[in-house]
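Student: Sharing a model that was predicted from the sequence below.
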Amino acid sequence: MAAGVSNSNFNVPYKSYIYDFWGNAVPAPQAYLPSHRIKGEDLGVGSFNNPRDLHVSSTGDIYIADTGNNRVLIFNSNWQSIGEISTFDNNGVEDSLAQPRGVFVTEDGSIYVADTNRARIVHFNKSRELVRVIGEPQSDLDGIFPAGFQYSPQKVAVDGHGRIYVISQDLAEGFISFYQDGQFRGFVGAPKVSPNLTDYIWSRIATREQRARMQLFLPTEYTNFTIDEMGYIYATSHDEDEGEKRDKIVRLNASGENLLRGTGFHKPIGDVQYPSQWTRATRTRASRLVDVTVRENGIYSVLDRNRGRVFTYDKNDNLLYVFGYRGTNKGEINEAAALDSIGNKMLILDSLQEAIITYEPTDYALLIHAALDAYNRGDYELTEATWRKVLELNANYDQAYSGIGNALLRRDEYAEAMYHFKLGNDRNGYSKAFELYRRGRIYENFTLGALITLGIALLVVVFNSFWRKRTVQTTGEAAATKQVNMRGQGRLNSRVANFRKNLKTALGVTLHPIDGFYRLKYEKEGSLTVAMLILAILSGTFVFSRQYTGFLFNPADLTRLNVPMEVASIIVPFFLWCVVNWSLTTLMDGKGTFRDVVIASAYALIPLILTMIPLTVISNYLIQREGAFYYFGLSLGSGWTLILMVFGSVMSTHEYNLAKTIWTCIFTVAGMVFALFLGFLFFNLSEQVFTFFNDIITEIVFRM
């Protein structure tokens, strides 16, 4: 470190955290700690003035675009000044930079500067001598650039083939690409347009004048980017994702295709939720990603200007750790502008403090990087050992469990791998391990399973034959004693027989709905007791399904399973449906009583029970690729129930035609929503009234 550089001794100004599978911020050890704050005065080059970009070359030299001072500063890895670019000879004429906002250095030492105010890219050799000036892109095709476009290069990067990529301000078509000779090549990686559903529907039904006044569905522009050694473009862009303005990361090839794997728990968007007791997110806005840097083993880090944080991901987009915080104290970032790394150190350029904040890795971060490196080198025993050391520092670190699972999977220890994948909530890894484990168990036990199946089949045949003979022999005796047994049956046996008949009717409704609902309506074969039993069984089925559905298809946090709430999620909607439906149909000439509605609606729920119980069991033996069968079964049961509810509990019970049935169902659902709104409003007002009187009583008690 150069003499005069501000020493650290910073207090850690932030808490460290990471997001779990469910998007909750959980505490984590510190991955990086602030070490130095470096200003221009410390380096003997005068004060920085609104610096906007930072780049570390492959040789470890550091380039800073000191925008306000119209220069690019160059330092070695020890922060010793080794040069400056501000003025240069341009074909015998003295030229100068004007508000440069971007700088990039290639493997051979060529320096490319985005000279923003002069609307050009300036190319220097490693001796800082001018090679060429690349001006505004030109094309023979009309309309290739949007109307009113003003070329204003903000950032620049060059791939291994010499292709030049530029981000220009207010350009939504993507990166401007130039050939190696500086000729305009075209646009690369235009972000896809993602209008929300409401805007799209309105655009379809609006008049021509209304559509003309509507905001165009334009993709948003990229904010920053870099190119890794493989030629992939890592870029940050501000876009609308699922109706919310959120920044995102893309990984583009030379053709502009996004190759981001996105297999992590959450998309690489910075903070997943806010605020939080761990994130200390006083700014309730999404992360504003302004820079990205690629490191060893496919690891990349992104900089959040909104909260001054750095989020680091692996090549599969799993979040590894978070560090940094926005503020004006030492070690905090006030206005994050650029991010890069030199070795294991991280450098953040703060344009408002006009300084560079350096961060040093802790043992925790070094162990994470070492584990990923060992895995990429194929040393799976070292990978497992290193991840176990990480767990000693952070027992809640899902990526460590998943890393151990991957190492065990590579060593063909499938059962142990499944166990660790489950601990790490890694469903992709668990599915791979379970597929191999299941295949091995089938091969090992195929002969035994075939013999057992054959034996069961023989037993069934023998039992059926014996049962038929037994039935013929006892028919006469049964006929002779039937009258005596019937006389001996009491009232209790009659009720049991009637109950069994009602259960049989309930199953008949499921298999033969037209005939079944007719008997419920006109022959009064339905029973409130059976209806309540069905409702109770369904509630238990939902609890059973939530608890015991296979890991691959059960994203619920079982540690927070609330049985009363699960039961209420069935009971409350059911009776709300019955009450609202009966209330509406009494005004619409409905022929069914409230009892009829309850019975018919309960009987219509049987398909859910018949499908959910076996599917819950089967889900424990399926892999992800076979999930279509599981979800098809759930859809079949839900659709079956919906049909029975519509055509049974509404059409048949109230003797409606199809059109009136559909409108009744729509009004019933709307009435349920309105009733829930009134219920929430009532409880909210009741809470406020209670709080008001409680405050009054508390005030009186204190004053007395």
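Tutor: Yep, that arrived. Please read these numbers as outputs of a predicted model, since none were measured by experiment.
Student: where in this protein is pLDDT low?
Tutor: For the chain, the stretches with pLDDT under 70 are 1-11, 13, 191-220, 239-245, 275-284, 467-506, 703-704.
Student: isn't F145 right next to S139, touching?
Tutor: Yes: assessed by Cβ atoms under 8 Å, F145 is found in contact with S139 at 7.3 Å. Using the backbone N, CA and C atoms, a C-beta is placed for each residue, glycine as well.
Student: Can you give me the domain boundaries for the protein?
Tutor: 17-137+147-361, 362-475, 499-691 (automatic domain parsing).
Student: In space, what's closest to the most centrally placed residue in the chain - neighbours in sequence excluded?
Tutor: Centrality entry for the chain: nearest residue to the mean C-alpha point is H266, 3.5 Å, by Cα atoms, centre = their mean. Spatial nearest neighbour of H266, chain neighbours left out: V272 (5.0 Å); criterion: Cβ to Cβ, 6 or more residues apart in numbering.
Student: Provide the secondary structure category for I18.
Tutor: strand (DSSP: H, G, I helix; E, B strand; the rest coil).
Student: same question but for I38, I mixed them up
Tutor: The three-state label for I38, taken from three-state DSSP, comes out as strand.
Student: count of neighbours near it?
Tutor: I38 has 24 neighbours, counted by other Cβ atoms under 10 Å.
Student: Report the contact partners of the nearest residue to it once chain neighbours are set aside.
Tutor: Counting by Cβ to Cβ, 6+ apart, the nearest residue to I38 once its immediate chain neighbours are dropped is I356, at 4.5 Å. By Cβ atoms under 8 Å, 6 or more residues apart in numbering, the residues touching I356 are R37, I38, K39, L54, I64, L347, I348, L349, D350.
Student: Would you mind measuring from I356 to F667?
Tutor: Using Cβ to Cβ, to the nearest Å, I356 is found at 64 Å from F667.
Student: Any chance you could list what contacts stretch 264-271?
Tutor: 19-21, 23, 241, 246-249, 260, 262, 272, 279, 281, 286-287, 289, 302, 304, 306-307, 309, 311, 313, 316-319, 398, 425.
Student: Only C-alpha atoms, please: export that stretch in CSV.
Tutor: What follows is stretch 264-271 as a C-alpha-only set of coordinates in CSV (Å, rounded to 0.1, in the frame of the first residue of the first chain):
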residue,chain,number,x,y,z
GLY,A,264,-30.2,-20.4,-7.1
PHE,A,265,-33.0,-19.9,-4.5
HIS,A,266,-33.7,-16.4,-5.9
LYS,A,267,-32.9,-14.4,-8.9
PRO,A,268,-29.6,-12.4,-8.7
ILE,A,269,-31.4,-9.1,-8.0
GLY,A,270,-29.6,-8.0,-4.8
ASP,A,271,-31.9,-7.7,-1.7
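Student: chain center to it, what's the gap?
Tutor: 6 Å (Cα atoms, centre = their mean, to the nearest Å).
Student: Mind listing what's buried along it?
Tutor: By 16 or more other Cβ atoms under 10 Å, the buried positions in stretch 264-271 come out as G264, F265, H266, P268, I269, G270, D271.
Student: cool, stretch 163-170 as well?
Tutor: By 16+ other Cβ under 10 Å, the buried positions in stretch 163-170 come out as R163, I164, Y165, V166, I167, S168.
Student: what helix or strand is I697 on?
Tutor: Using DSSP states H and E, I697 sits within helix 658-703.
Student: Show the secondary-structure elements that that helix is packed against.
Tutor: If you count contacts as 3 or more Cβ pairs under 8 Å, 6 or more residues apart in numbering; DSSP states H and E, helix 658-703 packs onto helix 563-586, helix 627-646.
Student: ok, S16 touching Y325?
Tutor: No: the pair S16 / Y325 is not scored as a contact, 9.9 Å apart, by Cβ under 8 Å.
Student: Quick one: residues contacting the residue nearest to H266.
Tutor: Contacts of V272 (Cβ under 8 Å, 6+ apart): Y19, G23, A25, H266.
Student: again, 7 Å this time
Tutor: Residues in contact with V272 (Cβ atoms under 7 Å, 6 or more residues apart in numbering) are Y19, G23, H266.
Student: hang on, it is in a strand, isn't it?
Tutor: No: using three-state DSSP, the secondary structure at V272 is coil, not a strand.
Student: Make residue 1 into 7 and carry on from there
Tutor: Got it, the first residue is 7 from now on, which makes the last one we talked about V278.
Student: re the thing from before, give me the phi and psi for the residue nearest to the centre of the chain.
Tutor: Dihedral angles of H272 (phi, psi; degrees, to the nearest 10) stand at phi -140, psi 160.
Student: element containing the nearest residue to H129 once chain neighbours are set aside?
Tutor: Distances taken as Cβ to Cβ, 6+ apart place V137 nearest to H129, at 4.4 Å, with adjacent residues excluded. If you go by DSSP H and E, V137 is part of strand 136-140.
Student: Next: S471.
Tutor: Using DSSP H and E, S471 falls in helix 433-494.
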